[in-house]
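I would like to see how this sequence folds:
(one chain, ligands or ions: 1)
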Amino acid sequence: MHYISTRGEAPELAFDDVLLAGLAADGGLYVPKTYPAVARGDIAALAGLPYDAAAARLIEPFAGEIGAGVLRDATRAAYAGFSHRAVAPLTQIDDNLFVLELFHGPTLAFKDLAMQLLGRLMNHVLEQRGLGATIVGATSGDTGAAAIEAFAGQNRVDVFILYPDGRVSDVQRRQMTTVADDNIHAIALRGTFDDAQSILKSLFRDSAYRKRLGLAGVNSINWARVVAQMVYYFTSAVALGAPFREVSFAVPTGNFGDVLAGYVAKRMGLPLSRLIVATNANDILARALASGRYEPRGVTPTQSPSMDIQLSSNFERLLFDALGRDAGALRAAFASLDQSGGFDIPPEALAAIREDFDARAVSEAETSAEIARTYRESGYVLDPHTATGVHAARARLAVDPSTPVVALATAHPAKFPAAIERAIGERIELPPRLAPILTAEERFSRLENDEGRVRAFIEDHARATRLATRV
Ligand SMILES: *Cc1c(COP(=O)(O)O)cnc(C)c1O
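Okay, the predicted model is just below:
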């Protein structure tokens, strides 16, 4: 399988290079040249398979160069440490409404499902090539913790994670700052997630810097993460009767990586009815789908901080397909975004997007009310991100009560105890295996929102610059 850039001006790469590259050299995102098709019989045959076995089967067509045996070992190891044997179990909370629990990994958010696999695949490729790498990531909270957990103590990689100072929950911050391994660097940036992401993109666009440090990306723009997330759309839909019955998904959305994985599953042949994008007050996607205008506004902090994002990077991949894969048209849209702060999605492209997607912005009050309602009616505690998805799912069920909706539970409620206590008046405890982070010493560096500072900090602390060979 070969990969092309959405901006059309970077070389085609194979999976193992895309894995290390993250962002394409032209500033675009890598997408597969074609989506591999999964036959109906092969979808049906996933029923009853262990999660890691289903993952290896579904990912293999995207990752040919890695080899089926290596991939199988990597999926087995990636999911062995999850605290639930089913890895991604489904729970029913109402008529035709299901929650897909994606928080049984080591950092209690869905990011682990991709990151645990990505870490192992990256290590494999680096070892094979005898290279070191500098991983730089921007996080709204959960990606950073998941990346740190996946790469801590590994001698081929240094990890630098930028998070918006004061805008992540205490648990999220402590997960990043209490890891003692010296290849891990948590950076509190005095800015928003969008600021962090824009510094990151700029570092990756500087090809000299990128080469010197062997920069590798683990943000949701990394295609390997999208592909790892596609798996649970298949396994959960099959559990509810696919391919013989359609299912819809409601997805709490920030950078559009998770819901894009659902779109990829659909393109591979999984019969999905609607993909419902749930946003919080940072509603650029809901506005774009309703009006056709993609126009970021300032970021508003909410109780679902991992969705406090305006520039949803992975939307570019969907737009590329919706524009008939016309890289020139896509470049023009992003040039207009840079110059005039927005762009209009052409009518045919908007119609194509609306064929698969609905979107709904969920307010802070609605989010709290949803946590309270679900707890009252089913005794189930939703985290505030998941609550936006469940709220959007209920709106869909009001229109179409006969198609089951799976709401992705993207985090464990214990990561956001203040929001839970506000909604239901009860305190929720951190699972015992995470308790040590509450008292461990924190280690981080606080930097101004300034690309030059970040650039220099990484260069001063990265060991890859001192290794003879790098990516
Ligand atoms: C990252 C994250 C999201 C948003 O996912 P995207 O792939 O960025 O759309 C939602 N909820 C939680 C808990 C997250 O960590």
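
what residues are up against the nearest residue to residue 155 once chain neighbours are set aside?
Nearest residue to residue 155 in three dimensions, chain neighbours excluded: residue 183, at 7.2 Å (CB to CB, 6 or more residues apart in numbering). Any C-beta I mention is one placed from the backbone N, CA and C, and that applies to glycine too. By CB atoms under 8 Å, 6 or more residues apart in numbering, residue 183 lies in contact with 151-155, 157-159, 463.

if you set the cut-off to 10 Å instead, what comes out?
By CB atoms under 10 Å, 6 or more residues apart in numbering, the contact set of residue 183 is 134-135, 148, 151-160, 461-463.

same check, this time on residue 375
Counting by CB under 10 Å, 6+ apart, residue 375 touches 93, 381-382, 413, 420, 423-426.

top of these by neighbour count?
residue 382 (29 neighbours; other CB atoms under 10 Å).

how about the residues of the stretch 351-471 of the chain by the ligand?
Contact residues, the stretch 351-471 of the chain versus the ligand (CB under 6 Å from any ligand atom): 385, 410-411.

now do the domain split for this protein, please.
90-108+224-424, 132-219+441-471 (automatic domain parsing).

the ones you listed: lowest mean pLDDT?
Of all the domains of the chain, domain 132-219+441-471 carries the lowest average pLDDT, namely a mean of 90.

starting at the chain centroid, how far to it?
With CA atoms, centre = their mean, to the nearest Å as the basis, domain 132-219+441-471 stands 17 Å off its chain's centre.

can you tell me the closest non-neighbouring residue to the residue in the stretch 51-200 of the chain positioned nearest to the ligand?
Using CB to the nearest ligand atom, residue 142 is the residue of the stretch 51-200 of the chain that sits closest to the ligand, at 3.1 Å. Excluding the flanking residues, the one nearest residue 142 by CB to CB, 6+ apart is residue 109, at 3.9 Å.

who's the one you found bridged to?
Bridge pairing for residue 109 (DSSP bridges) gives the partners residue 411.

for the stretch 1-150 of the chain, what lies in contact range of the ligand?
By the rule CB under 6 Å from any ligand atom, the part of the stretch 1-150 of the chain lying against the ligand is 109, 111, 142.

which one (most neighbours) among the residues you listed?
residue 111 (32 neighbours).

how much space separates it from residue 427?
Distance of residue 111 to residue 427, computed by CB to CB, to the nearest Å: 25 Å.

was I right about residue 216 contacting residue 123?
No: assessed by CB atoms under 10 Å, residue 216 is found out of contact with residue 123, at 11.0 Å.

name the residues contacting each of these two.
Common neighbours of residue 216 and residue 123 (CB under 10 Å, 6+ apart) are 133, 157.

so those two - more neighbours on which side?
residue 216 (28 against 18).

excluding residues flanking it in the chain, which one is nearest the more buried one?
Here the nearest residue to residue 216 in space, its sequence neighbours aside, is residue 133; by CB to CB, 6+ apart that works out to 4.2 Å.

just residue 380 next, same as before
residue 93 (5.1 Å).

sorry, back to before: so among the residues of the stretch 351-471 of the chain next to the ligand, which ones count as buried?
385, 410-411 (16 or more other CB atoms under 10 Å).

reformat those residues as a markdown table; add distance to residue 283.
Output for those, formatted as a markdown table (distance: CB to CB, whole Å):
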| residue | distance to residue 283 |
| --- | --- |
| 385 | 15 |
| 410 | 17 |
| 411 | 20 |
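
sorry, back to before: can I get the domains of the chain in JSON lines with distance to residue 72?
Listed next are those as JSON lines, based on distance: least, CB to CB, whole Å:
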{"stretch": "domain 90-108+224-424", "distance to residue 72": "13"}
{"stretch": "domain 132-219+441-471", "distance to residue 72": "19"}
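
quick one, phi/psi of residue 392?
Dihedral pair for residue 392: phi -70, psi -40, per degrees, to the nearest 10.

how close does it get to the ligand?
13 Å (CB to the nearest ligand atom, to the nearest Å).

list the contacts for that residue?
By CB under 10 Å, 6+ apart, the residues touching residue 392 are 250-253, 276-279, 286, 358-362, 366, 370, 405, 407.

same deal with residue 217?
So residue 217 contacts 19-23, 133, 135-138, 200-201, 203-204, 210, 225 (CB under 10 Å, 6+ apart).

so which of those are in strands?
Residues of the contacts of residue 217 located in strands (DSSP state E): 133, 135-138.

circling back to that earlier point, the residue nearest to residue 216 - how many residues pack around it?
By other CB under 10 Å, neighbour count at residue 133 equals 27.

doesn't residue 127 make contact with it?
No: applying CB under 10 Å, one finds residue 133 not in contact with residue 127, separated by 11.2 Å.

list residues touching both of these two?
residue 156.

burial count for the closest residue to residue 169 other than its chain neighbours?
Using CB to CB, 6+ apart and skipping residues adjacent in sequence, the residue nearest residue 169 is residue 416, 5.6 Å away. The tally of other residues near residue 416 (other CB under 10 Å) stands at 28.

distance of residue 416 from residue 302?
With CB to CB as the criterion, residue 416 and residue 302 are 11 Å apart.

any common contacting residues for these two?
384-385.

what residues does the stretch 201-350 of the chain put near the ligand?
By CB under 6 Å from any ligand atom, the residues of the stretch 201-350 of the chain that approach the ligand are 220, 252-258, 306-307.

okay then, goodbye and thanks.
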